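Chemist: this one's sequence-less:
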């Protein structure tokens, strides 16, 4: 009888240890996929000092790229800004020209339903630093 009780206690302890090792670690959040960056965003930005909207599309030529219509307040008919997504970071293709000859560089960080961008805009005469907050619509 003592052997059965000891075996049961051992079994319960072993199962407890086994299941404790299977608990989900709440301190690590998986990185979002590129899909988290896609869609329509409301933008508050320091360069234009305006509120505007952008749309982020899949870049069909890349497995991790996106295209941003309206980046830095450019028109819908202007060339889209290209960027690459890696984890929670989105990085503009370096030294690309959008809008009316604006050269842009920089990156953003995705968190929840926002992207916080830090980038530069060079219009040929001035290099400006901009901060933009994208909020998912």
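Modeler: That came in fine, so what should we check first? The structure presented is a predicted model; accordingly, all values stated were derived computationally and were not measured.
Chemist: Mind telling me what element the residue nearest the centre of the chain is part of?
Modeler: With distances taken as C-alpha atoms, centre = their mean, the chain has residue 110 as the residue nearest its mean C-alpha position (3.3 Å). Secondary structure from DSSP states H and E places residue 110 in strand 102-111.
Chemist: Cross-check the contact I'm expecting between the residue nearest to the centre of the chain and residue 35.
Modeler: No. Residue 110 sits out of contact with residue 35 when judged by C-beta atoms under 8 Å, with a separation of 11.3 Å. C-beta: built from backbone N, CA, C; applies to glycine.
Chemist: so how far is residue 83 from the residue nearest to the centre of the chain?
Modeler: 12 Å (C-beta to C-beta, to the nearest Å).
Chemist: okay, and the common contacts of those two?
Modeler: In terms of C-beta atoms under 8 Å, 6 or more residues apart in numbering, residue 110 and residue 83 are both contacted by the residues residue 90.
Chemist: Please name the residues that touch residue 120.
Modeler: Counting by C-beta under 8 Å, 6+ apart, residue 120 makes contact with 104-106, 127-130.
Chemist: if we go to 6 Å?
Modeler: 105-106, 127, 129 (C-beta atoms under 6 Å, 6 or more residues apart in numbering).
Chemist: Could I get the average pLDDT for the strand holding residue 110?
Modeler: The average pLDDT for strand 102-111 rounds to 97.
Chemist: which neighbours does that strand have in its sheet, and in what orientation?
Modeler: Next to strand 102-111 in the sheet, as set by DSSP bridges, lie strand 89-92 (antiparallel), strand 96-98 (antiparallel), strand 114-122 (antiparallel).
Chemist: What are the buried residues along that strand?
Modeler: Neighbour counts over strand 102-111 (16 or more other C-beta atoms under 10 Å) mark 102-108, 110 as buried.
Chemist: ok, those vs residue 89, which is closest?
Modeler: The shortest approach to residue 89 among the buried residues of strand 102-111 belongs to residue 107, at 5.9 Å (C-beta to C-beta).
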